[in-house]
Each structure stands twice: as structure tokens, then as C-alpha cells.
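K.L.:
got a sequence here, can you build the structure:
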Amino acid sequence: MPVLNEVSHVRDAVDSLLAQDYDGPFEVTLALGPSIDGTTELVAEMSSVDPRIRVVENEIGSTPAGLNTAIRASRYPVIIRVDAHSVLPPDYARIAVETLERTGADNVGGIMDARGTTPFEKAVARAYGTRVGLGGTPFHVGGAEGAADTVYLGCFRRESILRVGLFDETIKRGQDWELNRRLRENGGTVWFTPRLRVTYRPRPSLSRLARQMLSTGLWRGELARRFPAANGIRYFVPPVMVLGVSVGLLLGIAGLVQALLGAAPWLLAGLVVPAVYAVFVILATIAVSRPDGLRGALWFLVVLPCIHFCWGIGFVLGYLKLTSNITAHTGR
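P.N.:
Sure, this is the predicted structure:
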């Protein structure tokens, strides 16, 4: 588990690992980045109480660097990659290892089951778990068990990760997808099973969600540029939408100028595109957020465009090779 400034979540995440019903020895290796919020002290306290918790220093602080540091420090033949925002059910490790042995796969993963506690977090979780939010990949919305391009987190054979060269530390987000791409290119199998569900805690505020989506979009655009043959069309839908709405709004403004000048305002037709998107968001909110009440629906009206636009803008910037200039300011 890579850990950086996660004082609010890391205890619950680690407790869920220590509570696994796996019948065999295991250790919890935390790759601790340079935190400033009390995470360092909390992790030290937990490791002093339970010898199964090992702490290794992640001087760089990035997720892939932390993962690689923890993997190199590990000693068992199976690696379960965990996130500090995730909570594993007690049977997760047992089911993951059983599936790994049964299928012969190199990596096994399941569903990112986003769950919030506040109305805002519940709206984010609702968006994550629907096709209108993050595109409807199996590890977000579920699906049949079988071979997959990528999975959430993952239970790996250690020898398989070492064989393909660990995580690419030049990729700050999307490193799981890229590692799974290499595993498949080297003849390995990535396996999805809906039996594995990991509770994920969404970002607690709109600003943090926006930073997360912008950073994720940036790196997805970078990956789309680096590996053009390995990307599905769904990755290009948000950036096309952002460009369409932006161009439509600019044309609409130009149409208003035409009207003020007494010319035929034919450019107002550009407003059709943002209007169609607005109707889509409203209909999606009505269809998806009904169980969450009025407050949840109102937040969903804000959350969904935030995800779409921040991710889409990030994708465009990343695809245009602006990643290195911007990601330093976006945070985790």
C-alpha cells in the first residue's frame, strides 16, 4: 500500500487487511511517502503494535515508486496491491488467491465499490458506479468473470511482476492499466471476477474531486498518446464532449454578438450542443439519483459535469504532451 497524507483513511484500510481470513502467513507493507498531516506518526504507531505491519520509506512519494519499493521489500510469492482509500472485505485475500490458482492468471482483480458517507460522497460514488460517470468498465459496474484488459487494484504473482519490470515510475496515474498491458503483451492473463469487491472512499470535496479527475484525465491522455493501439473509443468520449460543448458555447456567444449587431444570428445554432449535454445530465440525474433524495440529486447535477469536464480537459492536455508541466500542481 502506497501511503501519502492519508491520516483520515489509512487506519481503516490497514485494519481491513489485518482482518483477512486468509489461511496462511502474510504481511502488510506500507510504502510511506513524505506526509505532513500526521500519517507518519499514525503508521509508526500501528506498526509498533502489530509486527505484521512493515513500513518502508518512499522518498519519491509517487504511487508507482511506492508500489515498487514495497514489492522489492516483500518476501511472499503473492502480491496484493491495495489503496489507502480502500477497505477490503475479510474474504478478499482468500478469494483472490483461490482465483489466481484456479485460473492460472498473472493478476486477478474485481470491483471498485465506491461508497460515500456524506450526500456529496454518495453522489460521487453513484457516478463512479454507473455508465454515465466513468464509462461503465467492469471494475466499476460489474460483469461476467473472465479475462480482461485491466482490473481494479489486483492480486499478482510476484514472479510475473518482476518478469515484466514492475510498475512504470514515469506514469503517475494509470500505472495499473499500463502494467496489465505489459503482462498481456508478454503472454500473461489478467482476470476479472465480480466476487472481489473493494469498498472505495471517494474524495470528500468538490475541489479534491476536480483535482483527482484532472490528474487522472491528464495521464489517460498521456497513455493514449503513448499506446494508441491499446485504447478503446470510450476514452475519447469525454474530451470530444468537452471540445463540442466549448465550441458550441463560443459559437453561441458569437451568435449573440451577431444579433446585437443586427446580423442574422445563425451562430446561435452552436448552443444546441451544450443544450443537449445539459439535457443529458438532467436525465441521467433523474434516472440514477432517485434513491439518494433531493440533496443527492442536486449534488449529482454538480458532480457529473465535474467528472466529465475535468477528466476530459485533462485528457486533451495530456494527449498534447502537457502532462509534465501540469501534474505537479494537481495533487493525488
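
K.L.:
and residue 112, helix, strand or coil?
P.N.:
Under the three-state scheme (DSSP: H, G, I helix; E, B strand; the rest coil), the conformation of residue 112 reads as strand.

K.L.:
ramachandran angles for the residue lying closest to it once chain neighbours are set aside?
P.N.:
Distance criterion Cβ to Cβ, 6 or more residues apart in numbering; nearest residue to residue 112, sequence neighbours excluded, is residue 152 at 4.3 Å. Using the backbone N, CA and C atoms, a C-beta is placed for each residue, glycine as well. Backbone geometry at residue 152, expressed as degrees, to the nearest 10, gives phi -80, psi 130.

K.L.:
now for residue 152, how many residues are close by?
P.N.:
22 (other Cβ atoms under 10 Å).

K.L.:
wait, isn't it in contact with residue 198?
P.N.:
Yes - here residue 152 reaches residue 198: they are 6.4 Å apart, a contact under Cβ atoms under 8 Å.

K.L.:
list the contacts for the spatially most central residue of the chain?
P.N.:
Averaging the C-alpha coordinates of the chain gives a centre point, and the residue nearest to it by Cα atoms, centre = their mean is residue 216 (7.1 Å). In this structure, residue 216 makes contact with 173-174, 311, 314, judged by Cβ atoms under 8 Å, 6 or more residues apart in numbering.

K.L.:
helix/strand/coil for it?
P.N.:
When the rule is three-state DSSP, residue 216 gets the label helix.

K.L.:
name the residues contacting each of residue 152 and residue 198.
P.N.:
Residues touching both residue 152 and residue 198 (Cβ under 8 Å, 6+ apart) are 110-112.

K.L.:
now do the strands in the stretch 51-200 of the chain.
P.N.:
Taking DSSP state E, counting those that start in this stretch as the test, the strands found in the stretch 51-200 of the chain are 53-57, 78-80, 86-87, 107-114, 146-147, 152-157, 190-200.

K.L.:
before we move on, back to that, is the residue nearest to residue 112 bridged to anything, and to what?
P.N.:
Counting by DSSP bridges, residue 152 is bridged to residue 110.

K.L.:
ok, now the one 5 residues further on?
P.N.:
Taking DSSP bridges as the rule, residue 157 bridges to residue 78.
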